[in-house]
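Asks: Generate a structure from the sequence data that follows.
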Amino acid sequence: ATVAAAPKTPPAAPTVAVTNATCTLPKGTITVTSSKVGLSFSIDGITYTNTTGLFTGLVPGVYPVTAKNAAGCVSPIKSVTILPSTCSSIGDFVFADANGNGIQNSGEAGISGVTVKLLNNSGAVVATTTSGSKGAYKFSNLAAGNYAVTFTAPSGFAPTISNAGADDSKDSDPVGGTVT
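Replies: Take a look at the predicted model:
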């Protein structure tokens, strides 16, 4: 007697949605959006224990997403990339310009208690901080974009001139921002 066996059919490659890493969530997520009925999924081509199609807490990188059916057939690979966040920071130093030349000279100390506001491209305030005991301030975990900073001088201080001298790392320079 001859028995004819039908060929086993692999499942289709999964379709997915990706949530990339962000400034506040450094890991990403892959969600299978195609049918999950009767399938288990893998992001390493070895382990097929996931039946929900949801993979969370993934570090940025490339993942080979595959599905396996009850017959043991594996789908073609759907290559998925989790992108890293592109977070940045803006910060510097608020100093007392003793000689009023707009340049931070040796011996000119930082000023604590200066209100610093971060504005988005539309001019809306997105964060506020106060300079620390030595004049430092910083806004962290910022998404890519254009920002400006504004400073409010504390009592007893007045703004100095901006963009003085040739060394941009030493001048009083809220590029695109204001000092009041």
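
Asks: give the contact list for the most centrally placed residue in the chain.
Replies: Nearest to the mean C-alpha position of the chain, by Cα atoms, centre = their mean, lies residue 23 at 3.0 Å. Counting by Cβ atoms under 8 Å, 6 or more residues apart in numbering, residue 23 makes contact with 85, 87, 141, 142, 143. All C-beta atoms are positioned from the backbone trio N, CA, C, and that covers glycine.

Asks: Please list only the buried members of those.
Replies: 85, 142 (16 or more other Cβ atoms under 10 Å).

Asks: and which of the contacts of residue 23 is nearest residue 157?
Replies: residue 142 (26.9 Å; Cβ to Cβ).

Asks: residues near the closest residue to the closest one other than its chain neighbours, how many?
Replies: Sequence neighbours aside, residue 88 is the residue nearest to residue 142 in space, at 4.9 Å (criterion: Cβ to Cβ, 6 or more residues apart in numbering). When neighbours are counted by other Cβ atoms under 10 Å, residue 88 registers 14.

Asks: try residue 119
Replies: For residue 119, the count of nearby residues is 18 (other Cβ under 10 Å).
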